[in-house]
Structures are given as structure tokens and as C-alpha cells.
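[1] kindly generate the corresponding structure for this input.
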Amino acid sequence: MAIIHLIRTSKDNKAVRGTATIPMGKDSILCATLENADFIVPEGTYQLVNTMSPRFKKILPLLVNVPGRSGIRVHTGTKPEHSKGCVLVTAFGRDQIIDFINQNNKKNEKTFICISSDGLRSS
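    This is a model prediction of the structure:
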């Protein structure tokens, strides 16, 4: 099962910014994160499983055992309003986020489709 480490770097009245690290054997994926300040996932380490998202109608990573919460996904988005509790990501490092995540969704989807319960798989 994959894991994700969430760290916060800044917060204002609308957004919480940070990083997510997903270890993959000797390597890891570093992602910039963006969350809605009204629905913050506590900083920490969580298990990730790929399951079908009823809302997005595709397989997306799901955080497991978030205290007091369920159904928290990792997906792309460009503004804190795009999240009602999920973690928005970009696959290209923490310096990419200022007010928006400006990345191509297909690149982000490919990164996370590669995360499976038994580690990294090719896509």
C-alpha cells in the first residue's frame, strides 16, 4: 500500500499550501499541495489506496484513516475552491504554487494513476 506524507508550508484565509511526498522504493514523488482552508486534512502520514471515485467517475487515490473524516481524495485543481476537503496536487514541486496550481491535468493524472496499492506500476 502506498503512503503519503503531508506537510504544510503556509496558510491564509482561503488556502493552505504545502507538500506531499509519496515514497516509491528508492525514489519518491514530490507534489505541491493546495487545500481549502475550511476543510484541512491534518498534517501527517496516511495510507493511499486507489479506488473508484463516485464523483469523478475514475480511479483516484483515497487517503485512509484520516481522523474524523472519510472520502478524502487526491486530485488536481487550481484554486482552493476546487476542494471541499480533498488534497489538490501538482506533480512538479512545491515552488509551483503561489495562488494557483498551473499544471496540465493529464500530467498530474498520469502521476497518480501510477500509484497502486502494491507500489509504482507503469502506465
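[2] which residues in this structure form strands?
    For the chain, strands defined by DSSP state E occupy the ranges 2-11, 15-24, 27-36, 44-53, 58-64, 74-75, 87-90, 115-116, 119-120.
[3] mind listing what the residue lying closest to residue 81 once chain neighbours are set aside touches?
    Nearest residue to residue 81 in three dimensions, chain neighbours excluded: residue 36, at 6.7 Å (Cβ to Cβ, 6 or more residues apart in numbering). Heads up, the C-betas are built off the backbone N, CA and C, glycines and all. Applying Cβ atoms under 8 Å, 6 or more residues apart in numbering to residue 36 gives the contacts 14-16, 80-81, 83-85.
[4] what does residue 73 give?
    Residue 73 makes contact with 53, 56, 60-63, 86-87 under the criterion Cβ under 8 Å, 6+ apart.
[5] ranking helices and strands of the protein by mean pLDDT, which lands last?
    When each helix and strand of the chain is scored by mean pLDDT, DSSP states H and E, strand 119-120 comes last, with a mean of 38.
[6] pLDDT averaged over stretch 82-98 - what is it?
    The average of the pLDDT scores along stretch 82-98 is 65.
[7] just to revisit the earlier point, which of the contacts of residue 73 are buried?
    53, 60-63, 86-87 (16 or more other Cβ atoms under 10 Å).
[8] beta-bridge partners for the residue most central in space within the chain, please?
    In the chain, the residue lying closest to the centroid (Cα atoms, centre = their mean) is residue 74, at 3.6 Å. Per DSSP bridges, residues listed as beta-bridge partners of residue 74: residue 87.
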